[in-house]
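Undergrad: model this:
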Amino acid sequence: MTLAWAMVAAPEPICQLTLAVTDEGVACVAFHRGAEALAAAARRTGRRLVEDANRTNEAVRQLTDYLNGCRRDFDLPLDWSLSPGPQRTVLETLYAGVGYGETTTYGELARRSGAFRGADGVLGARAVGSIMGANPIPIVVACHRVLAADGLGGFGGGLAAKRWLLELEGSLPPTLDFGG
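TA: Numbers count the residues shown, from 1 in each chain. The predicted structure follows:
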């Protein structure tokens with residue numbers, strides 16, 4: 001069993017992504033720690049890493065198209081094996097229910113998924129925040145669309161990347177640059 005990987009060039013502030021595909025679908029998209037994320041994915045799935053452009057070309061093409069503003073939705077099979085239990089429930093809820101140009105909050109996603117029930121929603125929101133931080137398939141499963149109730153919240157690719165992705169989708173006004 002193998003895990004095919006490839007690099008994806010991206011505009012700043014993202015610069016580069018690393019993705020991994022199994023026979024089931026896209027299993028991993030990683031920002032800065034691409035090699036580390038791939039090694040962890042290989043260990044967790046018991047697969048050997050290989051370069052195989054035939055298996056990764058479509059995912060690379062779709063990610064590149066999205067990052068260049070030419071694609072709004074991904075039509076890729078996903079391998080959820082790195083997202084067990086409640087994490088998978090929350091990520092599948094996000095994937096199915098928060099589309100291009102839309103946003104939601106950590107608390108609202110907790111309520112929608114039904115994975116975390118708390119009277120005040122705070123524990124649920126925190127749990128969802130942790131799940132977003134551990135999302136193995138960011139951008140495709142668009143955790144950048146999940147915001148804190150009082151602002152952007154965090155993001156594994158960094159806040160500049162989150163802001164850029166939200167601006168790309170038109171859900172956040174572009175930042176003014178007075179730098180000249």
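
Undergrad: C-alpha from now on. contacts and neighbour counts both.
TA: Will do.

Undergrad: check which helix or strand covers Pro173.
TA: Using DSSP states H and E, Pro173 maps to neither a helix nor a strand.

Undergrad: go on, Leu63?
TA: When elements are assigned from DSSP H and E, Leu63 belongs to helix 53-67.

Undergrad: for Leu147, same thing?
TA: Per DSSP H and E: Leu147 is located in strand 146-147.

Undergrad: and that strand, what does it pack onto?
TA: In terms of contacts (3 or more CA pairs under 8 Å, 6 or more residues apart in numbering; DSSP states H and E), strand 146-147 is packed against strand 104-105, helix 106-113.

Undergrad: Just after the lowest-mean-pLDDT helix or strand in the chain, pick out the following helix or strand.
TA: Lowest on mean pLDDT, DSSP states H and E among the helices and strands of the chain sits helix 34-45, with a mean of 79. As assigned by DSSP H and E, the chain's next helix or strand after helix 34-45 is strand 48-51.

Undergrad: Once you drop chain neighbours, what's closest to Glu58?
TA: Leu76 (8.0 Å; CA to CA, 6 or more residues apart in numbering).

Undergrad: Against Ile137, how distant is that neighbour?
TA: In this view, Leu76 and Ile137 are 12 Å apart by CA to CA, to the nearest Å.

Undergrad: Geometric centre of the chain: which residue is closest?
TA: For the chain, the residue nearest the mean C-alpha position is Pro138 (1.1 Å; CA atoms, centre = their mean).

Undergrad: How about the contacts made by that residue?
TA: Cys28, Val29, Ala30, His144 (CA atoms under 8 Å, 6 or more residues apart in numbering).

Undergrad: Please convert the residues you listed to CSV, extending it with pLDDT.
TA: Converted to CSV, these look like this (pLDDT from 0 to 100):
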residue, pLDDT
Cys28, 92
Val29, 95
Ala30, 92
His144, 97
